[in-house]
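K.L.:
kindly return the folded structure for what I paste below:
(2 chains)
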There are 2 protein chains.
Amino acid sequence: MASMAEALGQPMRDFTQDHRWLSVNTATVRQSRGQDWPLAQILDACAARGIRAVSPWRDQVQAAGLAATSRQLRALGIELSGYCRGGMFTYGSKAELQALVDDNRRALDEACELAAPCLVLVVGGLPGALAGAPAHKDLGAARAQVAEGIEWLLGEARARRMPLAIEPLHPMYAADRACVNTLAQALDLCDALDPGRSGALGVAVDLYHVWWDPQLAAQIERAGQAGRLLAYHVCDWRLPTRDLLLDRGMPGDGVIDLRGARALVEAQGYAGYAEVEVFSARDWWQRDGGDTLDSCIERHRRCV
Amino acid sequence: MASMAEALGQPMRDFTQDHRWLSVNTATVRQSRGQDWPLAQILDACAARGIRAVSPWRDQVQAAGLAATSRQLRALGIELSGYCRGGMFTYGSKAELQALVDDNRRALDEACELAAPCLVLVVGGLPGALAGAPAHKDLGAARAQVAEGIEWLLGEARARRMPLAIEPLHPMYAADRACVNTLAQALDLCDALDPGRSGALGVAVDLYHVWWDPQLAAQIERAGQAGRLLAYHVCDWRLPTRDLLLDRGMPGDGVIDLRGARALVEAQGYAGYAEVEVFSARDWWQRDGGDTLDSCIERHRRCV
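P.N.:
Reported below is the predicted structural model:
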């Protein structure tokens, strides 16, 4: 696929010589040797390796303290490539609705405090499904709640000048994590809720979720043309994949054509970070966190 | 979704009173109490319960003998709702190509001998991936081989008057089992290879693979309008799903809106079998096969 960018006269960025465009999603090193690795240590370890950007998860920030994390990031000169995450817009009761409203406001405020370029949205599946007790089986109704939720949050986000990035999740998460499952579906939402292409609403392209899509190239082009490419996440699809959630591969471990996919986003002018996000309970989380960061750098140069 | 069929003036068939439209995919009872259950015994057990149709897998037929299976089916008055399966069109060498050509011809001949209404196609993923050694990462190239393969097989199938049903597989199988992953993609292939809508090429709608698709209703309508609804498979999506391949639920075990989906196919005039296809290493295959068949009947009436 690399020839496409070249045909458009957009030579791809050369990642082989340095890692200035590497961002590490901190979930990738959530554990070191099977034990929780505190965010403060993760950030120090990133800085020591010249990693310029991270994308932290809210539970990690909460454990480390928001103000302390913000201070540490500034002191280390590390910026964010995104903040994980807002969303989970589906609900079965008024109490759940109130809770998600409050939680998403907090997520926006935290993203602002950390100077994130966008808040990434994982939109939620059937209400209650993640806890094992789905309230119903009507995916269409869940999708309607998601559209309403994003519409509401977009107002809150505009007031804070914090862009929202809808992340379509792999269809295998449709029931319990996100009922937005393709780039086309996410972009349809963007077009409906932000027809003016204000920059306030876009998508996070995570290859783990969209690499299989026959419409991948067309929808990346559509996103680029609309100015909606807000984040780009990489990892790999292992063969076999032993767990639906926690068996992602580090770039190079699997079968995703990472170079070809990057050609597509760069052909649309994407010039931001390639964020490595690996959930790997059996493999990478069992390794030394510093070694895993070294692997992120090496794979970024060689495979991304 | 049930209101859609009603709005179209097509009352849904009533499955609650009998199981005349139940077909059992024989993989559902591939094992009884964790041991292989021979096809001949499966067929006898189906007949004893008034199950009118099955869809057998080729390895089960091979173990039982093609001629013997054909005779037994006729003697019992059991018909097929489909034959599993042809396909696996991707290859990395001339030897692999020759092998898949020979194998697909045999699959067609077997389907004819068993008087199947269609041969179901699982098209294959990256060549070599199922064996753990993908020859490359170019999904587009794999998809091109699939299109070529179906085009070739369609000629062979027309000569035998055996319809081909392309089964889009869930995106989580894109790498190793099938790189046709949505109904839209399968129907695009049908339109390209059989523009005249001859009846020789269509799709198998297996809800396990397509239930999540935001385009489900639209693409079922498209398939129906083109006369391409050749088979309809049901099972369920378990929460949690503990294995990518062998943890399907029996209808009613999970979150798929089975009644709503059937309303969609019946609104398009589908009047054939609802084929129960469950791969369940940890649960249903551990139970007594006769009990599992009883459950197929009970769930067919209550949930499908």
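
K.L.:
and A:R228, how close does it get to chain B?
P.N.:
A:R228 sits 18 Å away from chain B, going by CB to the nearest CB, to the nearest Å. From N, CA and C alone the C-beta is placed, and that goes for glycine too.

K.L.:
meant to ask about A:G202, not that
P.N.:
Distance from A:G202 to chain B, by CB to the nearest CB: 19 Å.

K.L.:
pretty sure A:P240 is in a helix, no?
P.N.:
No. According to DSSP: H, G, I helix; E, B strand; the rest coil, A:P240 belongs to no helix; its state is coil.

K.L.:
ok, it - contacts?
P.N.:
B:132, B:176, B:244 (CB atoms under 8 Å, 6 or more residues apart in numbering or on different chains).

K.L.:
closest to B:D44 out of those?
P.N.:
Using CB to CB, B:L244 is the member of these that lies nearest B:D44, at 32.6 Å.

K.L.:
that closest one in helix, strand or coil?
P.N.:
coil.

K.L.:
got phi/psi on it?
P.N.:
phi -70, psi -30 (degrees, to the nearest 10).

K.L.:
got the contact list for it?
P.N.:
A:172, A:240-241, A:244, B:172-173.

K.L.:
of those, closest to A:V234?
P.N.:
A:T241 (16.3 Å).

K.L.:
how about the nearest residue to that closest one, chain neighbours excluded?
P.N.:
A:D247 (5.2 Å; CB to CB, 6 or more residues apart in numbering or on different chains).

K.L.:
if you count neighbours, what's buried in the lengthiest helix in chain A?
P.N.:
Taking DSSP state H as the criterion, chain A has its longest helix at helix A:139-160. For helix A:139-160, the neighbour count (16 or more other CB atoms under 10 Å in any protein chain shown) marks A:139, A:142-143, A:145-147, A:149-150, A:153-154, A:156-158 as buried.

K.L.:
torsion angles phi and psi at the residue in the stretch 1-150 of chain A that chain B sits nearest to?
P.N.:
Among the residues of the stretch 1-150 of chain A, A:K137 lies closest to chain B, at 4.4 Å counting by CB to the nearest CB. The phi and psi values for A:K137, taken as degrees, to the nearest 10, are phi -120, psi 20.

K.L.:
please apply the same query to A:L164.
P.N.:
The phi/psi pair for A:L164 (degrees, to the nearest 10) is phi -110, psi 130.

K.L.:
burial check on it, number of neighbours?
P.N.:
28 (other CB atoms under 10 Å in any protein chain shown).

K.L.:
report the beta-bridge partners for it.
P.N.:
A:L119, A:L201 (DSSP bridges).

K.L.:
ok, now how distant is it from A:G155?
P.N.:
Here the criterion is CB to CB, to the nearest Å. By it, A:L164 lies 11 Å from A:G155.

K.L.:
now do A:L239
P.N.:
Applying CB to CB to A:L239 and A:G155 gives a distance of 44 Å.

K.L.:
kindly report the same for A:R20.
P.N.:
The value you get for A:R20 to A:G155, if CB to CB is used, is 35 Å.

K.L.:
which parts of the stretch 101-250 of chain A sit against chain B?
P.N.:
A:126, A:129, A:132, A:134, A:137-140, A:143, A:170-172, A:174-176, A:179, A:181-182, A:184-185, A:211-214, A:237, A:239-241, A:244 (CB under 8 Å from any CB of the partner chain).

K.L.:
can you give me the strands for the stretch 1-150 of chain A?
P.N.:
A:22-25, A:31-32, A:35-36, A:53-55, A:79-80, A:83-87, A:119-122 (DSSP state E, counting those that start in this stretch).

K.L.:
any chance of a markdown table for the ones you listed, columns mean neighbour count?
P.N.:
Output for the strands of the stretch 1-150 of chain A, formatted as a markdown table (neighbours: other CB atoms under 10 Å in any protein chain shown):
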| stretch | mean neighbour count |
| --- | --- |
| strand A:22-25 | 28 |
| strand A:31-32 | 20 |
| strand A:35-36 | 10 |
| strand A:53-55 | 27 |
| strand A:79-80 | 18 |
| strand A:83-87 | 27 |
| strand A:119-122 | 26 |
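
K.L.:
out of those strands, the one nearest A:D257 is which?
P.N.:
Across the strands of the stretch 1-150 of chain A, closest to A:D257 is strand A:22-25 (CB to CB), at 19.0 Å.

K.L.:
from the contact counts, what lies against the closest one?
P.N.:
Using 3 or more CB pairs under 8 Å, 6 or more residues apart in numbering or on different chains; DSSP states H and E, the elements in contact with strand A:22-25 are strand A:53-55, strand A:274-276, helix A:289-302.

K.L.:
those: which one's closest to chain B?
P.N.:
So among the helices and strands packed on strand A:22-25, helix A:289-302 is nearest, using CB to the nearest CB, at 14.3 Å.

K.L.:
list the contacts of the closest one.
P.N.:
A:15-19, A:21-22, A:24, A:28-29, A:31-33, A:37, A:41-42, A:45-46, A:49, A:51, A:250-252, A:274, A:276, A:284, A:287.

K.L.:
show me which of these are buried.
P.N.:
For those, buried by 16+ other CB under 10 Å: A:15, A:19, A:21-22, A:24, A:28-29, A:31-32, A:37, A:42, A:45-46, A:49, A:51, A:250-252, A:274, A:276, A:284, A:287.

K.L.:
helices along chain A, start to end?
P.N.:
A:2-7, A:39-48, A:58-64, A:66-76, A:94-113, A:139-160, A:183-193, A:207-210, A:216-225, A:258-267, A:289-302.

K.L.:
turn the ones you listed into CSV, including mean pLDDT.
P.N.:
Shown next, in CSV, are these (pLDDT from 0 to 100):
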stretch, mean pLDDT
helix A:2-7, 52
helix A:39-48, 98
helix A:58-64, 98
helix A:66-76, 98
helix A:94-113, 98
helix A:139-160, 98
helix A:183-193, 98
helix A:207-210, 98
helix A:216-225, 98
helix A:258-267, 98
helix A:289-302, 98
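
K.L.:
one step back: which one among the contacts of B:L244 gets closest to B:C118?
P.N.:
B:Y173 (20.4 Å).

K.L.:
residue contacts, the spatially closest residue to that closest one that is not a sequence neighbour?
P.N.:
Distances taken as CB to CB, 6+ apart place B:G125 nearest to B:Y173, at 6.8 Å, with adjacent residues excluded. With contacts taken as CB under 8 Å, 6+ apart, B:G125 has the following neighbours: B:90, B:134, B:142, B:173-179.

K.L.:
neighbours of A:A271, how many?
P.N.:
10.

K.L.:
and it, what does it touch?
P.N.:
A:R13.

K.L.:
mind checking how far stretch A:232-249 is from the chain centre?
P.N.:
14 Å (CA atoms, centre = their mean, to the nearest Å).

K.L.:
let me know the pLDDT of the residue nearest to B:Y173.
P.N.:
pLDDT recorded at B:G125 is 98.

K.L.:
repeat that for the one 10 residues further on.
P.N.:
The model reports B:A135 with a pLDDT of 97.

K.L.:
contacts only, for the nearest residue to it once chain neighbours are set aside.
P.N.:
In space, and not counting its chain neighbours, B:A135 is closest to B:G92: 3.8 Å by CB to CB, 6+ apart. B:G92 makes contacts with B:127-128, B:135-136, as judged by CB under 8 Å, 6+ apart.
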